[in-house]
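Student: How does the following fold in three dimensions:
(one chain, ligands or ions: 1)
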Amino acid sequence: MPDTPAAPDTPAAPVLLGNEPGSFPHGVLAERHPAIIRQVRENLPYGPDRRRALDALAANCVEGVIEPLSADAPDRDRWTAWGMDEYTGRSWFDVPWLWSESWFYRRLLDAVGWFGPGPWHGVDPFRPVKLAELRSPRTDEELDALDGLDALSAAAQADALLHGSLWGNRADLGFRLSAPGTTPCADTPPLVADDSARLWSLLPPDAGTGTGGGTLCLVADNAGRELVPDLLLLAHLLATGRVARAVLHVKPYPYYVSDATPADVLDALERLTGAKGRAAGYGRLLWTALTDGRLTVRAHPFSCAPLPYADMPDDLRAEFAAATLTVVKGDLNYRRLVGDRRWPATTAFADVTAYFPGPVAALRTLKSDVITGLDATVETALVAAGDQRWRTAGTHALIQVRD
Ligand SMILES: O=P(O)(O)OC[C@H]1O[C@](O)(CO)[C@@H](O)[C@@H]1O
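Tutor: Reported below is the predicted structural model:
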């Protein structure tokens, strides 16, 4: 399988595995995945066959080994190219953590009958939790707060929407299964890196007016309370002429519990168009932009690949190369962007993303060990403030740009 180093000129750090008891990746494989299966079992009335399959997966993912997809699996060839044969027979804990996690979600879809011919074909096992979040009063509050933006300067409005999209990444349903009630850490500033000025310099107002304006790719992460502010940001960028077109990349199938799929985009859009005030206006703008082609939704198979973006296929590479800026959202996408490795925290973000075919920005709250691009002073302060939970608790965030 491909194993392109994220940055040919930077010595590659070791790839993260899940086989170290007590480590964060080990906890995800040993505890979070079984908890996700229990949640899926409770949230939909699956029949005995599906329940048996879920129980079998619960045992296999903790105690078993990787078993190949069935011969008639529609994506068997793709997974073969992504390393399935190489890892068959190995413990889930002994292969790259990134690979193992993606494999979990792929096998979960088998267990619930997503690909099968039966009644559960195409039914998102995470839909109940996604919808509950989208319909929650918290979402109403966030949409109502948008009307307060009118009192701000244009620059402050843009920053508010950028930060809404950034911190929306904390609303991750899988994450909350094992990190309930995390609160921002008062000891160190919540933003560990802030390249927002560089980001805005790449998207000047009105650069997108006329026919030759720029395209923004936004590689989305979670549905619901992250996707809503992502859409608001896109609407604002289109409305202010900072971009002429936007491409929203989502997952082709349910993944990492709350990751956004095309169906989730429609649900979020409905939430916006059904809202009041500025939110509704943005909803209508996005609806029109979808119909006239200024906004497109992509669900590329590689979006669910268990591999870093350094291994992206040529068609995706060409898309990102043509964009004025690609904004990559969330923790998992960050791991895939820089490579899921034990980088020293001060490793230059520009070095580990040098392979990326165009300007790229990461908007991420920190929910796993991987981190790059920190100033040494920031790292020292974070470490001095206590334990290493700043890396994983979602209390800190970053905006990093490589142009
Ligand atoms: O939704 P996000 O921001 O990608 O976070 C998902 C993260 O949750 C985990 O599943 C566990 O932290 C990570 O593997 C992953 O990076």
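Student: after the helix or strand of the chain with the lowest mean pLDDT, next one along is what?
Tutor: The helix or strand of the chain with the lowest confidence, counting by mean pLDDT, DSSP states H and E, is helix 173-176 at a mean of 50. Per DSSP states H and E, the first helix or strand lying C-terminal to helix 173-176 is strand 191-194.
Student: who does that following strand touch, helix- and strand-wise?
Tutor: helix 376-384, strand 397-402 (3 or more CB pairs under 8 Å, 6 or more residues apart in numbering; DSSP states H and E). To be clear about C-beta, it is placed using only N, CA and C from the backbone, and glycine gets the same treatment.
Student: Make TSV out of those and add mean pLDDT.
Tutor: Below are the helices and strands packed on strand 191-194 laid out as TSV (pLDDT from 0 to 100):
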stretch	mean pLDDT
helix 376-384	93
strand 397-402	97
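Student: for the ones you listed, which one ends up most surrounded?
Tutor: Counting by mean count of other CB atoms under 10 Å, strand 397-402 has the highest mean neighbour count of the helices and strands packed on strand 191-194, with a mean of 23.
Student: for it, packing partners?
Tutor: Packed next to strand 397-402, using 3+ CB pairs under 8 Å, 6+ apart, are helix 154-168, strand 191-194, helix 196-202, helix 349-352, strand 360-365.
Student: out of the ones you listed, deepest packed?
Tutor: Of the helices and strands packed on strand 397-402, strand 360-365 is the most buried (mean count of other CB under 10 Å), at a mean of 27.
Student: Let me see the contact set for residue 316.
Tutor: Residues in contact with residue 316 (CB atoms under 8 Å, 6 or more residues apart in numbering) are 300, 302.
Student: Can you read off the backbone torsions of it?
Tutor: Per-residue torsions, residue 316: phi -70, psi -40 (degrees, to the nearest 10).
Student: and it, how far is that from residue 79?
Tutor: Counting by CB to CB, to the nearest Å, the gap from residue 316 to residue 79 is 17 Å.
Student: Same question for residue 403.
Tutor: Distance, residue 403 to residue 79, by CB to CB: 35 Å.
Student: Name the residue in the two with the higher neighbour count.
Tutor: Neighbour tally, residue 403 and residue 79, criterion other CB atoms under 10 Å: the higher count belongs to residue 79, 20 against 13.
Student: mind listing what's buried in stretch 281-296?
Tutor: 281, 282, 283, 285, 286, 287, 289, 290, 294, 295 (16 or more other CB atoms under 10 Å).
Student: Those in strands, which ones?
Tutor: residue 295 (DSSP state E).
Student: Turn the buried residues of stretch 281-296 into a markdown table, columns for pLDDT and distance to residue 306.
Tutor: Below are the buried residues of stretch 281-296 laid out as a markdown table (pLDDT from 0 to 100; distance: CB to CB, whole Å):
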| residue | pLDDT | distance to residue 306 |
| --- | --- | --- |
| 281 | 97 | 40 |
| 282 | 97 | 34 |
| 283 | 98 | 34 |
| 285 | 98 | 36 |
| 286 | 98 | 31 |
| 287 | 98 | 34 |
| 289 | 98 | 32 |
| 290 | 98 | 30 |
| 294 | 97 | 32 |
| 295 | 98 | 28 |
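Student: okay, the buried residues of stretch 281-296 in CSV with distance to residue 325 next?
Tutor: Listed next are these as CSV, based on distance: CB to CB, whole Å:
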residue, distance to residue 325
281, 24
282, 20
283, 24
285, 20
286, 19
287, 24
289, 17
290, 20
294, 16
295, 15
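Student: out of the buried residues of stretch 281-296, who's nearest residue 365?
Tutor: Nearest to residue 365 among the buried residues of stretch 281-296, counting by CB to CB, is residue 282 at 22.9 Å.
Student: what sits against that closest one?
Tutor: 146, 231, 232, 235, 236, 239, 272.
Student: swap in residue 195?
Tutor: By CB under 8 Å, 6+ apart, the contact list for residue 195 reads 361, 399, 400, 401.
Student: what about the stretch 151-300 of the chain, any weak spots by pLDDT?
Tutor: The model of the stretch 151-300 of the chain has pLDDT under 70 over residues 171-187, 207-213.
Student: Got the phi and psi for the closest residue to residue 30 other than its chain neighbours?
Tutor: Excluding the flanking residues, the one nearest residue 30 by CB to CB, 6 or more residues apart in numbering is residue 62, at 6.0 Å. Phi and psi for residue 62, reported as degrees, to the nearest 10, are phi -100, psi -40.
Student: Right, I'll call it a day here.
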